[in-house]
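**Student:** after the sequence you'll find the predicted model.
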Amino acid sequence: ELLQEINCNTKPSVKRVGRALDPNYAEGDDNDDEDEEGEGEDQDEPTQPASALLADLAEKHRLRRRTLMQHSSLLELLELPSLMDACVRSSLYEDALSIAGFANTLERRHLMESSSSSSEKKEVEQ
C-alpha cells in the first residue's frame, strides 16, 4: 500500500510530460478520449513548463538512484533483528551483544547527525 502510494506520487506521467514538451499544446487541448484506465487523474494538475517538470523528474531520479546505491547497506541494517534473534536462539550471546552494540552505535551516530543538521538549519534561519 505504501509502495503503491510512493509510486503514484513519484511516477512521471507520460501524458503530462508530453504536454509540457509539446510546443503546440494549448491549455484547452485535453483530449478525454485518449484517457485509459487510471490515466484521467492528470487532468486536475496544471501543465508545468518543461524545464520545471524535467528538474522535478531529475530530482526524483537522483533520490531513487541514491537509495539504490545504498541498497546493500539498507538490507544489512534491516537484517539485524533477525540476525540477532538467530544468535540468541543458537546461544551465541556474545555475538548478539555485539550486534546490539553495533545497532546502538548506528543509532547514536544518526541522532548526532540529525541534531547537528537541525541546529545548522536553526542558525541559518536566524
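**Tutor:** Good, I have the coordinates.
**Student:** which residues of the chain fall in helices?
**Tutor:** Under the criterion DSSP state H, helices of the chain are mapped to 2-10, 14-21, 50-69, 71-89, 93-125.
**Student:** could you say which of those helices is packed most deeply?
**Tutor:** Highest mean neighbour count of the helices of the chain: helix 14-21, a mean of 15 (counted as mean count of other CB atoms under 10 Å). (Glycine included, C-beta is placed from N, CA and C.)
**Student:** what's the least confident stretch among the helices of the chain?
**Tutor:** Mean pLDDT per stretch puts helix 14-21 lowest among these, at a mean of 61.
**Student:** which residues touch residue 87?
**Tutor:** If you count contacts by CB atoms under 8 Å, 6 or more residues apart in numbering, residue 87 has them with 93, 95-96, 99.
**Student:** for residue 77, see how far away it is.
**Tutor:** Shown here: residue 87 relative to residue 77, a distance of 16 Å by CB to CB, to the nearest Å.
**Student:** cool, residue 69 as well?
**Tutor:** Counting by CB to CB, the gap from residue 69 to residue 77 is 14 Å.
**Student:** kindly report the same for residue 60.
**Tutor:** Residue 60 is 23 Å from residue 77, by CB to CB.
**Student:** could you do residue 63 as well?
**Tutor:** Taken as CB to CB, the span from residue 63 to residue 77 is 18 Å.
**Student:** do residue 61 as well
**Tutor:** Counting by CB to CB - residue 61 and residue 77 are separated by 24 Å.
**Student:** do the same with residue 109
**Tutor:** For residue 109 relative to residue 77 (CB to CB), the value is 12 Å.
**Student:** of the contacts of residue 87, closest to residue 55?
**Tutor:** residue 99 (42.2 Å; CB to CB).
**Student:** wait, doesn't the closest one sit right on residue 82?
**Tutor:** No: counting by CB atoms under 8 Å, residue 99 stays clear of residue 82, with 10.4 Å between them.
**Student:** nearest to residue 4 among the contacts of residue 87?
**Tutor:** Using CB to CB, the contacts of residue 87 come closest to residue 4 at residue 99, 32.9 Å.
**Student:** give the contact list for the nearest residue to that closest one once chain neighbours are set aside.
**Tutor:** Nearest residue to residue 99 in three dimensions, chain neighbours excluded: residue 84, at 4.6 Å (CB to CB, 6 or more residues apart in numbering). Counting by CB under 8 Å, 6+ apart, residue 84 makes contact with 96, 99-100.
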